[in-house]
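1. quick one, structure for this:
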Amino acid sequence: MKTANPNRVNYSVGLVVFLGVILMVSFADNDAQASMPSPGQRVVLVTGSTGGLGREVARSLGRQGDHVIVHGRNEERGRALVGEIEAEGKGSARFYRADFGSLREVRDLADSIIEDYERLDVLVNNAGIFNPDQQERRVSEDGYELHFQVNYLAGYVLTRMLTPLLESSAPGRIINVASGQRPIDFDDLMLETDYDGMQAYFQSKNAQIMMTFSMADELAARGITINAMHPSNLMNTDMVIEAGFEPVTPVETGRDALVRLVNEDVGTGKFFNVFEEAEAIPQAYDAGAVARLMKVTEELVAKSIGDRD
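-> Just a heads-up that it's a prediction; the model follows:
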């Protein structure tokens, strides 16, 4: 009976471990190289881009040759999208995970992008939730009504924190993906006394548009345009289907309308309904209401994550 040579066993194990380390380093290096933009490549952050409209927009931008910063909550879907974009060989991408139900995570996402990137050309505030039939009011980690935070406050924080990076890459662009609107009830902003899911959604989208109008002149002085848009009615996305609605519009319609605003200079401080400039509801043009929204927004953000200015 032969006795095993311990030196040979150790050598074999050592060789396997060594080769494994080499492969891991190789994969890590390849991922790092593929996930950063090349010189002169446009960098676009699309929030909420692991599904629905955001995913289609990210894929389209990748096909154009852009570097897409993919964001979402689902890491598996995010990394799969990065793989799709890079497999086509035109654009590049990198995934960041953050839950917009936490302003702390929104802040950390912005901090990571500022640390990792030397430029940001376009910010697309697309992430959102839509639960119109929800009977029970839901709140965020910060204690705010969930639609208001995810659909509006998170985008506000990103816009404020990433403005210097956009300015350094000027001309920069910000697109806020809005929808239909309802007036904000400032006496019950978080809908604590009379909750309605449809009101929660539509007032959060109105807040996005009011923010757009409020920031336009300030950002224009820094070489950045900001516009809001309604991509289309009831597109065939999971969000619409899960909300119980029958889709009536292909997601490609919204994708093309949004990508147009990423690519074209259309001015600033405007609201678009799909491809056409349109009017929002009257409250969005009420200077007093806009100022009131900005004041309460700054107070809510400061309460949660401090004054970032």
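
2. ok, Arg173 to Val262 distance?
-> 7 Å (C-beta to C-beta, to the nearest Å). Placement of C-beta: from N, CA and C, glycine included.

3. and Gly51, how many neighbours?
-> 17 (other C-beta atoms under 10 Å).

4. give me phi/psi at it?
-> phi -160, psi 170 (degrees, to the nearest 10).

5. isn't it up against Glu76?
-> No. Taking contacts as C-beta atoms under 8 Å, Gly51 lies outside contact range of Glu76: 11.7 Å.

6. overlap in contacts of Arg173 and Val262?
-> Val122 (C-beta atoms under 8 Å, 6 or more residues apart in numbering).

7. can you pull out the helices in the protein?
-> 6-34, 52-64, 75-87, 103-116, 146-147, 154-168, 197-220, 238-242, 251-263, 287-305 (DSSP state H).

8. in contact with Asn227, which residues are there?
-> Counting by C-beta under 8 Å, 6+ apart, the residues that Asn227 touches are 173-176, 212, 261, 266-272.

9. change it to 7 Å
-> For Asn227, the contact set (C-beta atoms under 7 Å, 6 or more residues apart in numbering) comprises Ile175, Thr212, Leu261, Val266, Thr268, Lys270, Phe272.

10. give me the beta-bridge partners of it?
-> Asn227 has these beta-bridge partners by DSSP bridges: Ile175.

11. gap between it and Ala87?
-> Applying C-beta to C-beta to Asn227 and Ala87 gives a distance of 32 Å.

12. repeat that for Ala228.
-> From Ala228 to Ala87 the distance is 33 Å (C-beta to C-beta).

13. which one's more surrounded, those two?
-> Set Ala228 next to Ala87 and count neighbours by other C-beta under 10 Å: Ala228 wins out with 27 against 9.

14. didn't that one look like it was pressed against Ala207?
-> No. Assessed by C-beta atoms under 7 Å, Ala228 is found out of contact with Ala207, at 10.4 Å.

15. what distance do you get for Ser169 to Gly91?
-> 17 Å.

16. look at these two and report which has more neighbours.
-> Gly91 (22 against 19).

17. can you name the residues that contact the more buried one?
-> Counted by C-beta under 7 Å, 6+ apart, Gly91 has contacts Leu61, Gly62, Arg63, Gln64, Gly65, Asp66, His67, Val68, Ile85.

18. flag the shaky bits of the stretch 201-309 of the chain, pLDDT-wise.
-> 234-241, 243-245, 247-248, 308-309 (pLDDT under 70).

19. neighbour-wise, which one of the contacts of Gly91 leads?
-> Of the contacts of Gly91, with other C-beta under 10 Å as the count, Val68 tops at 30 neighbours.

20. look up the closest residue to the spatially most central residue of the chain, ignoring the ones flanking it.
-> Geometric centre of the chain, nearest residue: Thr47, 1.4 Å, by C-alpha atoms, centre = their mean. Closest residue in space to Thr47, ignoring its immediate chain neighbours: Ala127 at 3.9 Å, by C-beta to C-beta, 6 or more residues apart in numbering.
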